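> When you get a sec, could you give me coordinates for this:
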Amino acid sequence: MPLPIKRRHLTIAISLLVLVTAVAVAWLVTKPERGKTSHTHSRVAGEPFFIKPATGATLIHGKERYVMFCASCHGAEGEGEPNWRQRMANGRLPAPPHDVSGHTWHHPDEQLVSMVRDGFVPGVTAPVGYESNMPAFGHVLSDAEIESILAYIKTFWPEAVVQAQREISLQ
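Okay, here's the model as predicted:
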């Protein structure tokens, strides 16, 4: 037996209220500190920021992008290329690891986003005269996608390293 019109409207209204409440709670739980943390591109320009290690949808999205754009050089588990500290015949260094054995966590998030987006720019994100095989991905990845990759990379790190990198990023 169909519900009377008024009761049907009440049921729809309650369903919408539950949905809106669930979305609001999810947003509040995952929202970054204003100007301090980020998984999205909604931070205050010019202020230091920290990208939290990935969870939930960001973990899935970041891992997908990492596999598509990074793993072929930096390894499926962030292990980098063999002998990454020894120069190749062309004078360039192999891709470093993104796990705790590498130096990714020594850089602030602002610089990491720039390295992925713009590649290694001598005098900006690399020493003057430094040449790298690291391509720029800004033409195929948005800053939000780059941040999701970096959030995924941070899942390779122990909590103490995440906190150390947070300090570096927020200075």
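> From now on I want contacts and neighbour counts done on CA atoms only, so please keep to that.
Will do.
> domains of this structure?
Domain ranges of the chain: 1-31, 33-170, per automatic domain parsing.
> Report the distance from the last one to the chain centre.
Right, domain 33-170. Mean C-alpha position of domain 33-170 versus that of the full chain (CA atoms, centre = their mean, to the nearest Å) differs by 7 Å.
> So for that domain, mean pLDDT?
Averaged over domain 33-170, pLDDT sits at 90.
> can you redo the domains of the chain as CSV with mean neighbour count?
Output for those, formatted as CSV (neighbours: other CA atoms under 10 Å):
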stretch, mean neighbour count
domain 1-31, 11
domain 33-170, 17
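> mind listing the helices for the chain?
Taking DSSP state H as the test, the helices found in the chain are 5-30, 56-69, 71-74, 109-118, 143-153, 159-170.
> Output stretch 120-137 in CSV with nothing but the alpha carbons.
The C-alpha trace of stretch 120-137 is given here as CSV (Å, rounded to 0.1, in the frame of the first residue of the first chain):
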residue,chain,number,x,y,z
PHE,A,120,63.6,19.5,-10.7
VAL,A,121,64.4,23.2,-11.4
PRO,A,122,68.1,24.0,-10.8
GLY,A,123,68.3,26.8,-8.2
VAL,A,124,64.7,26.3,-7.1
THR,A,125,64.0,22.6,-6.2
ALA,A,126,67.5,21.3,-7.1
PRO,A,127,71.1,22.6,-6.8
VAL,A,128,72.3,24.9,-9.5
GLY,A,129,73.5,22.9,-12.5
TYR,A,130,71.8,19.7,-11.2
GLU,A,131,70.2,17.5,-13.9
SER,A,132,67.6,14.9,-13.2
ASN,A,133,65.4,12.4,-15.0
MET,A,134,62.5,13.6,-12.9
PRO,A,135,59.9,14.9,-15.3
ALA,A,136,57.3,17.7,-14.6
PHE,A,137,53.8,16.3,-14.1
